Structure formats: C-alpha cells, structure tokens
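Asker: curious how this folds, go ahead:
(2 chains)
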Protein chains: 2
Amino acid sequence: MPDLPIAAVIRIAKKSGAERVGVDAAAVLLAKTEEYIVHLSKEADRLARHAGRKTIKEEDVDLAVQWIKD
Amino acid sequence: MPDLPIAAVIRIAKKSGAERVGVDAAAVLLAKTEEYIVHLSKEADRLARHAGRKTIKEEDVDLAVQWIKD
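Answerer: The predicted structure follows:
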C-alpha cells in the first residue's frame, strides 16, 4: 500500500505539463516515486552513519542526490 | 509550496531504515522527490506525444524511467 497520495503525484505531473495521466500510468509514477525516496533515503542514511551520526542531515541528502545521479 | 505531504516522505524514509531525519533534511528530501516526479512526468509526456497520444500510459512512464537512469 502506497504511503504517498496518488492525487498529489498526479497534480505535480499535470502542473509539469501532462494533459492526461492514465490510471495505470499514475500507479507506476507513484511506485517509482516511492522507490526514489527509498533509494535516496537509504544512501543518505548510509552517509549519515559514515559521518558518525544517526540523524540524516541536509548535507547527507545533497550528497546522496549526487551519487544517485552518477 | 509542496504538493506532497512531508510526513509521508519521512515515513517512507524511516521504513527504509533511517533512524532520524532532520527537519532540513526532510525538506530537501521532499523537494528532490517533487523534482523527480516533474522530471519523470515531463519525459513520460514527451513519449506519449511522440506516440501520438495526449494521455500518458504505463509504457511511457516505464520508458521514461529507463531514460532517467541512463
């Protein structure tokens, strides 16, 4: 069961220029977005622990974004 | 103003193993997630139009995910 509200995901897609989003497409968009958060937060958590912290800070997320892009 | 609820983003991060997420870190995580949706839906929309459609289908999102990864 998804944590994010699908309506919010569709709203962002429409704001970005999408005219219509099919039901199945919206479900995939939602799933991929949740995967992205999982991926990003796992990397950020790894970086926080590497720095001797248990709390994820902004700098961990920033660096994790770079990693994911590369 | 973000479209996604920050509480849901933090919940996904914690489910993924993050022990604590700082307030600033959560804001960046949220912003990056919204950027991801914008990026993914713009590419999916481009693929839908390329296929002569105005409605984004599942196959457009799947292909857009591949593009973004590459």
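
Asker: what about the longest helix in chain A?
Answerer: helix A:23-50 (DSSP state H).

Asker: what's the mean pLDDT across that one?
Answerer: The average of the pLDDT scores along helix A:23-50 is 97.

Asker: strand partners (parallel or antiparallel) of the helix or strand just after it?
Answerer: Sequence order places strand A:55-56 as the next helix or strand after helix A:23-50, per DSSP states H and E. Strand pairing for strand A:55-56, determined by DSSP bridges: strand B:20-21 (parallel).

Asker: give me the residues contacting the partner strand.
Answerer: Counting contacts by Cβ atoms under 8 Å, 6 or more residues apart in numbering or on different chains, the residues outside strand B:20-21 that touch it are A:41, A:54-56, B:10, B:13-14, B:29. Any C-beta I mention is one placed from the backbone N, CA and C, and that applies to glycine too.

Asker: for A:Val9, give its distance to chain B.
Answerer: 6 Å (Cβ to the nearest Cβ, to the nearest Å).

Asker: secondary structure class for that residue?
Answerer: Classification of A:Val9 by DSSP: H, G, I helix; E, B strand; the rest coil places it in helix.
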